[in-house]
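Visitor: no FASTA, just this:
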């Protein structure tokens, strides 16, 4: 893969989020409701840039290790705090990761652990992005880069 293309994809995504944030009013900014569907990541960043591995039990579902809506809202929070587009692009790169898991593992995450759109309460950006999979006892292997 071309690292320059990968870097550009994350930067382009941060620019798009910044554009949504920039035109939002103060109430939208404070509530992190600046628009931009969480699926925008799927349109702007090809899967082959972010798929990192698969469950030892097999495939069947694409699982974002950090829910996309959280990444989007954190980007808006970072812009609220004066962070640069480049810093937001780095945050996206560090958290927008897909691991293939089985349907049964997805049910455990989404239904049993109720972690479909959230991270554990004590988790913060900058910590282990794979913690949801760990909590669900999902063992996985990384693909060779």
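Guide: Received the coordinates, thanks. It should be emphasised that the depicted structure is a prediction, and the values quoted were computed from it without experimental measurement. Residues are numbered from 1 along each chain as shown.
Visitor: buried set for stretch 14-27?
Guide: The neighbour-count check on stretch 14-27 (16 or more other C-beta atoms under 10 Å) flags 14, 16, 17, 18, 20, 21, 24 as buried. In this view, the C-beta of every residue, glycine as well, is placed from N, C-alpha and C.
Visitor: ok, of those residues, which one's closest to residue 128?
Guide: The closest of the buried residues of stretch 14-27 to residue 128 turns out to be residue 14 (C-beta to C-beta; 22.2 Å).
Visitor: how near is that closest one to residue 53?
Guide: 24 Å (C-beta to C-beta, to the nearest Å).
Visitor: Let's check: the centremost residue of this structure is which one?
Guide: Closest residue to the average C-alpha location of the chain: residue 96 at 3.4 Å, with C-alpha atoms, centre = their mean.
Visitor: roughly how far apart are the spatially closest residue to that one that is not a sequence neighbour and residue 39?
Guide: Leaving aside its sequence neighbours, residue 96 sits nearest to residue 50 (C-beta to C-beta, 6 or more residues apart in numbering; 5.3 Å). Distance, residue 50 to residue 39, by C-beta to C-beta: 14 Å.
Visitor: what about the two, which has more around it?
Guide: Legend: neighbour count by other C-beta atoms under 10 Å for residue 50 and residue 39, higher for residue 50 (22 against 11).
Visitor: So that one sits against residue 97, correct?
Guide: Yes: Residue 50 lies in contact with residue 97 (C-beta atoms under 8 Å); the separation is 5.7 Å.
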